[in-house]
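1. please find the sequence and the predicted model below.
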Amino acid sequence: MRLRDEKKVRSARRIAAIGIFAALALVLSFLEGLLPPLPMMPPGAKLGLSNIVTMFVASSQGLLPALLIAVLKGLFAGVTRGFTAMALSLAGGVLSTAVMYFLFKTKKFGLIGVGVSGAFAHNAAQLLCAYFLTSKTMLWYAPWLCVLSAATGTLTGLLLRAVLPLLEKLERE
Amino acid sequence: MKHAGKNRANQRVRRFGLLFSALAAMLLCSCAKTAPYEQTNFVMGSVMRQTIYGANGEAAAKSGYSAAADTEARISWKIPSSEISRLNENAGKAAVEISPETERLLTDALELSRRSGGAFDPAILPLSALWDFDSNPEHAPEKEKIEAVLPLVSAEYLELSEHSAALSKEGCGIDLGAVGKGAACDAAVSAYREQGVRAAVVSVGGSIGVFGKKPDGSDFKIAVRDPAGDLSETLGYITVPGETFVSTSGDYEKYFIENGVKYSHILDPETGYSVKSEVVSATVAAKGGALSDMLSTACFALGAEKSRALLEEYGAGAVFVLPDGEILVFGGLDFTLTGEGYRVNRQ
Amino acid sequence: MKKLFSKADAVLIAVLLLIAAAALFFRMRGSAGEERFARIEKDGETISYFRLSEDLPYREYEIGGAVPVTIAAENGAVWFLHSECPDRLCVRFGKLSKTGETAVCLPARVAVTVEGEKKAVDAVTG
């Protein structure tokens, strides 16, 4: 991690903030794992609550910190749920983070739009990964994942809007 | 000014919200599963299969199964506590009280026995118990034994009055084995009607009942097993609307061969031996389950030509398979041939 | 404060849902890739229900009871592999792969059925 031309204090504070966000993402993705599986969805399909964190970091801290959190999340999945889960999480996390970051940069999209795109990118990457790693029948779920993305992405956007003041406060302190 | 702009934006958001709700609703509709609830169970020594369309499929299948099991408990001569067992025990002695369902079944059986000239006979127990096809026999009973029980076999010994039945000769007995599966289908379909299911298909052994209208609006297709083929092969199918019951009798279903003679499970009350039929199988579609069972037994015994009048009396349709591969379709039944080596002749 | 919802968002979501709707519509029309499921039942109770995909890896189900049976499934087919029943009629049914196909073992009271949305026929008589 290279932080050019940053004052030491600011950079330290920033690193600490990223650490807190990473922890938050891990906790959210763990909690989500406790929910029952969704109907009509492939095993492992989730709401993507931890996307809220990567989304916020992508908008406020920039691409690299957000990617860092996505990678951490993937490694965490690898430790707790094995290689396939790690590969799926990494593919989904990295792609969705990148997509969300670039959509924020265009300034054309609202929180819901970014959330939906992120969820869609996440699902698409995971599905493709699962297609190669596990079963070819995974593609059967593709249309349902489009619908799921629209729903969960909207939810992510709304939730982020709701907790935004809180997160911004967290970031400042 | 700023305020007005915000209002307009809100309006737009609301409009989009509406659009999305509509889209989401459309998607939900298109994915509303029409897959029916299916269950396979066992009753009357046969496979009972239920396919139920609409909500509460599982509950409907459960009550369909208990209705069929209750029917067995009421009418099986092998269950000592059944109404038929009590009737048989009291043969030549006394009349016994019977349930309305059993009364109706015996009334219909007696009626059909008369109309078919005894080709179907519910009082065949002395003979059927002697052959005992349910225990997969390998030898025919001795001629003397058969001749000894023949005088006991006649539906005329069965006397019905309101809510009671009697057998007037000691040693005679009722065996509803030929109609039990169809009666079970009747009972299951009544259960479906009570449960308010949308559509259902029930089969007990080779007896089938269909009910209601399928979600896609199509009629029911009932395949007819190919008597010459393997277990899973069929020679064609009939297309029937809801509230139709289909049953098949054939000499290929249950038989054994001794000294080069084939003995099949459909017995002739006249001779005491297996029916020597001119047809390989008779499939009948009628308005009742027990009725289609009785008719198919009678039609198999009578052969195609002699069955014509009987089928017409009951407003039933039939498909006969002849030994030379000719298929005779009676009563305007909608039959589609799919097997090879057959030709269809619509009567 | 960041904006919550924009016109671009609306277009994006609409496109996504349209793609999903179109894909579902075409999949429903084309029956070639129809989904099939295998159901294994004992005494009317479902023991196992699984997608019968074309690349299904080999698996076996041992079902105990008075008459033990073994059911196998692989590559879009399911069948009675072995049975302790006297006549082995269930094994004679062979491999089941088409929607609506079924095999039963009466003595073991076990049934195997291939289910799907497009049944060739509703029932078989005879």
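-> Done, it's in.

2. switch to C-alpha atoms for all contacts and neighbour counts from now on
-> Noted.

3. show me what contacts residue 119?
-> Reading this off chain A. A:48, A:51, A:96, A:149-150, A:152-153 (C-alpha atoms under 8 Å, 6 or more residues apart in numbering or on different chains).

4. actually it's chain C I care about, not the one you picked
-> Here C:Lys119 is in contact with C:99-100 (C-alpha under 8 Å, 6+ apart).

5. where do the helices sit along chain C?
-> Counting by DSSP state H, residue ranges of the helices within chain C are C:7-29, C:89-92.

6. what's the neighbour count on A:Leu133?
-> 12 (other C-alpha atoms under 10 Å in any protein chain shown).

7. please name the nearest non-neighbouring residue to it.
-> Among residues not flanking A:Leu133 along the chain, A:Thr84 sits closest, at 7.3 Å (C-alpha to C-alpha, 6 or more residues apart in numbering or on different chains).

8. my read: that neighbour touches A:Phe132, true?
-> No - taking C-alpha atoms under 8 Å as the contact criterion, A:Thr84 and A:Phe132 are not neighbours in contact, 10.7 Å apart.

9. buried residues, the longest helix along chain A. List them.
-> Under DSSP H, the helix in chain A containing the largest number of residues is helix A:142-172. Buried residues in helix A:142-172, counted by 16 or more other C-alpha atoms under 10 Å in any protein chain shown: A:142-161, A:164, A:167, A:171.

10. next secondary structure after the one helix or strand B:Ala166 maps to?
-> Assigned by DSSP states H and E, B:Ala166 belongs to strand B:164-167. Sequence-wise, the next helix or strand downstream of strand B:164-167 (DSSP H and E) is helix B:180-195.

11. and that next one, anywhere near chain C?
-> No - contact of helix B:180-195 with chain C (C-alpha under 8 Å from any C-alpha of the partner chain) is absent, the minimum separation being 11.6 Å.

12. what lies in contact with that helix?
-> With contact meaning C-alpha under 8 Å, 6+ apart, helix B:180-195 is reached by B:44, B:60, B:63-65, B:67-69, B:71-72, B:75-76, B:105, B:200, B:202-205, B:207-211, B:245, B:247, B:288-293.

13. give me the subset of those touching chain C.
-> B:203, B:205, B:207-208, B:247.

14. let me know which of the helices of chain C is tucked in deepest.
-> helix C:89-92 (a mean of 19; mean count of other C-alpha atoms under 10 Å in any protein chain shown).

15. tell me the mean pLDDT for it?
-> Averaged over helix C:89-92, pLDDT sits at 88.

16. returning to that earlier point: list the helices and strands the strand holding B:Ala166 packs on?
-> For strand B:164-167, the packing partners by 3 or more C-alpha pairs under 8 Å, 6 or more residues apart in numbering or on different chains; DSSP states H and E come out as helix B:83-89, strand B:96-97, strand B:158-161.

17. ok, the closest residue to C:Lys7 other than its chain neighbours - contacts?
-> Among residues not flanking C:Lys7 along the chain, A:Phe109 sits closest, at 7.8 Å (C-alpha to C-alpha, 6+ apart). Going by C-alpha under 8 Å, 6+ apart, A:Phe109 touches A:103, C:5-9.

18. what's the answer for B:Phe120, then?
-> B:Phe120 neighbours (C-alpha under 8 Å, 6+ apart): B:112-113, B:294-295, B:297-298, B:301.

19. per-residue pLDDT, it?
-> On pLDDT, B:Phe120 comes in at 94.

20. sketch out the low-pLDDT regions of the chain for me.
-> You didn't say which chain, so I picked chain A. Counting by pLDDT under 70, chain A has low-confidence residues at A:1-7, A:37-45, A:134-138, A:173.

21. switch to chain C, please.
-> Of all residues in chain C, those with pLDDT under 70 make up the ranges C:1, C:28-34.
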